[in-house]
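# make a model of this:
(chains A, B, C and D)
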Number of protein chains: 2
Amino acid sequence: MSEYTDRQLQIIDAAIELIAQGGIQQLTMKNLSKLIGISEPAIYRHFENKSSILEAIHDTFSIGKQTLVTDILYTQLSGIDKIQKFIEMHFAAFHQKPTLASVIFSEEIFQNEQHLADMITKIMDKFRLILMQIVSDGQKTGNIRNDIAPHHIVTIVMGSLRLIVKRWHFSRHSFDLRDEGLSFCESIRKILEPA
Amino acid sequence: MSEYTDRQLQIIDAAIELIAQGGIQQLTMKNLSKLIGISEPAIYRHFENKSSILEAIHDTFSIGKQTLVTDILYTQLSGIDKIQKFIEMHFAAFHQKPTLASVIFSEEIFQNEQHLADMITKIMDKFRLILMQIVSDGQKTGNIRNDIAPHHIVTIVMGSLRLIVKRWHFSRHSFDLRDEGLSFCESIRKILEPA
DNA sequence: CCAATGTTAGTTAGCGATCACTAACATATC
DNA sequence: GATATGTTAGTGATCGCTAACTAACATTGG
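Residues are numbered from 1 along each chain as shown, chains lettered A, B, ... in the order given. Got it, this is the predicted structure:
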């Protein structure tokens, strides 16, 4: 798969940083070059244009996580434990790289480039499908209550996850995301446990 | 409270429409004037500058809904029915004015203007508090299960609501939001009903 | 070994397009 | 004849991006 040079990774990082600070409108070639400390045209030695930088941003976070998350499916964990793993995995990633949080759930950033917007929805769908699989497996084996439609459970898990991350971001990381995640998982367990 | 002329309302509407179509980057004075059918400077007869248009957008949706939602608190409904009302009210609003959906949960749009960003978080907090009140009341009177922290229930309700609206928006309104809302509420009822 | 040549990664200067916004003027309404 | 609301033309700033050039390094040929 696509590999990036150190300089490219630095540019990607700086771009994410800018978006995290002030949204997509702050991501200009000028701001980018200033943050990195090289001239504006120099960036074009490493990326064809601005939109390919966005593409790279999308690339780096999606590839990394997608495979990791898929792996959960093939573990020996119970359904409910898989969901917990899913949540913890996300929160750990954001904890490790907080700027990601401000980009990853802001689909608006990419909606100007149609193919990027499509990729975003595709990833979201993929995650949805994985969670859906986990849930309906769990319902069959009886460790997740089966009186609620799987897609509603998925909506609850993903929706809550997104909202917690959003609040964490907008409160400037005023709480520990992983702690909050653990505590939230306990509630999710109670909610999903079979009657 | 602040009233708007017909022309101002038309401008606000067009601005929301543009943001709905292609994000904040599509909201330019040129696009705006083109969509309305007047010249660019004419807009400045009705708004001091671009940022006051954003402010007006924020104004119109927040004032309208905030009071309506607060009213739920003082009805005779049970806790769980109040939550359902809360959800239905939101979905009805978006169904009636779909473009709102693309603006209201995109806090990024306002984050360049600090005072607007602050207002956004304030509204979010207010909604959170209202829901929190509903939930803990419901737990006391015994029609909402009390083995789950209220703030987790609030996160679940608001997070799911936001995600459903987001999906509805990105799927270009491919499903009926109110139907989905009703069906989702059934699941929420099951989840929240006392053991 | 070392000069010739090519590549990489940076620079300064500046392109046309577009940004939000303004000055000066026109028209319509009461 | 003022007031409200529009127009045309144009402002400086900034947008993404390119042209032209250069210093440092790599590769190759005699």
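
# can you read off the pLDDT for the residue positioned nearest the centre of chain A?
Residue closest to the average C-alpha location in chain A (C-alpha atoms, centre = their mean): A:I104, at 4.8 Å. For A:I104, the model assigns a pLDDT of 80.

# can you tell me the closest non-neighbouring residue to it?
A:F61 (6.0 Å; C-beta to C-beta, 6 or more residues apart in numbering or on different chains). The C-beta positions use only the backbone N, C-alpha and C, and glycine is treated the same way.

# so what touches stretch A:166-185?
The contact list for stretch A:166-185 (C-beta atoms under 8 Å, 6 or more residues apart in numbering or on different chains) reads A:20, A:83-84, A:87-88, A:90-92, A:94-95, A:98, A:101-102, A:105, A:160, A:164-165, B:107, B:121, B:149, B:152, B:155.

# contacts only, for the closest residue to A:S106 other than its chain neighbours.
Using C-beta to C-beta, 6+ apart and skipping the chain neighbours, the partner closest in space to A:S106 is B:E108 (5.3 Å). For B:E108, the contact set (C-beta under 8 Å, 6+ apart) comprises A:G23, A:I24, A:S106, A:E108, A:I109, B:I24.

# kindly report the same for A:I148.
Counting by C-beta under 8 Å, 6+ apart, A:I148 has contacts B:S187, B:K190, B:I191.

# out of those residues, list just those in helices.
B:S187, B:K190, B:I191 (DSSP state H).

# which of the residues you listed are buried?
B:S187, B:I191 (16 or more other C-beta atoms under 10 Å in any protein chain shown).

# coming back round to it: now render the contacts of B:E108 as CSV, adding secondary structure and distance to DNA strand C.
Formatted as CSV, those follow (DSSP: H, G, I helix; E, B strand; the rest coil; distance: C-beta to the nearest atom of the strand, whole Å):
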residue, secondary structure, distance to DNA strand C
A:G23, coil, 14
A:I24, helix, 13
A:S106, coil, 20
A:E108, helix, 16
A:I109, helix, 17
B:I24, helix, 9
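
# kindly indicate which of those residues lies nearest DNA strand D.
A:I24 (9.1 Å; C-beta to the nearest atom of the strand).

# what residues are up against the spatially closest residue to that closest one that is not a sequence neighbour?
Closest residue in space to A:I24, ignoring its immediate chain neighbours: A:I109 at 4.7 Å, by C-beta to C-beta, 6+ apart. For A:I109, the contacting residues are A:I19, A:G23, A:I24, A:L54, A:V103, B:G23, B:E108, by C-beta under 8 Å, 6+ apart.

# how does it look with 10 Å?
Listed by C-beta atoms under 10 Å, 6 or more residues apart in numbering or on different chains, the contact set of A:I109 reads A:19, A:23-24, A:27, A:54, A:57-58, A:102-103, A:116-117, A:120, B:23-25, B:108.

# and the top helix by length along chain A, what other elements does it pack with?
Ordering each helix of chain A by length in residues (DSSP H) puts helix A:114-141 first. Counting by 3 or more C-beta pairs under 10 Å, 6 or more residues apart in numbering or on different chains; DSSP states H and E, the packing neighbours recorded for helix A:114-141 are helix A:50-72, helix A:79-96, helix A:150-170, helix A:177-192, helix B:150-170.

# I'd like the average pLDDT over it.
90.

# does DNA strand D sit close to that helix?
No: with C-beta under 7 Å from any atom of the strand as the criterion, DNA strand D is not reached by helix A:114-141; the gap is at least 13.7 Å.

# which positions in stretch A:81-88 come out as buried?
Buried, per 16+ other C-beta under 10 Å, within stretch A:81-88: A:D81, A:K82, A:I83, A:Q84, A:K85, A:F86, A:I87.

# now do the contacts for the first one.
With contacts taken as C-beta under 10 Å, 6+ apart, A:D81 has the following neighbours: A:I72, A:T75, A:I134, A:G138, A:N143, A:C185, A:R189.

# got the buried residues of stretch A:81-88 as TSV, with distance to B:G37 and pLDDT columns?
Formatted as TSV, the buried residues of stretch A:81-88 follow (distance: C-beta to C-beta, whole Å; pLDDT from 0 to 100):
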residue	distance to B:G37	pLDDT
A:D81	59	94
A:K82	55	95
A:I83	52	95
A:Q84	55	95
A:K85	55	93
A:F86	49	94
A:I87	49	95
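
# now for those: which two are most distant?
A:D81 and A:I87 (10.8 Å; C-beta to C-beta).

# quick one: low-confidence parts of chain A?
Across chain A, the ranges flagged by pLDDT under 70 are A:1-2, A:64.

# could you rerun that using 90?
A:1-3, A:22-23, A:58-70, A:73, A:97, A:100-124, A:126, A:170-172, A:195 (pLDDT under 90).

# excluding its backbone neighbours, what's nearest whichever residue of it sits closest to DNA strand C?
Nearest residue of chain A to DNA strand C, counting by C-beta to the nearest atom of the strand: A:S39, 2.6 Å away. Leaving aside its sequence neighbours, A:S39 sits nearest to A:S33 (C-beta to C-beta, 6+ apart; 5.9 Å).
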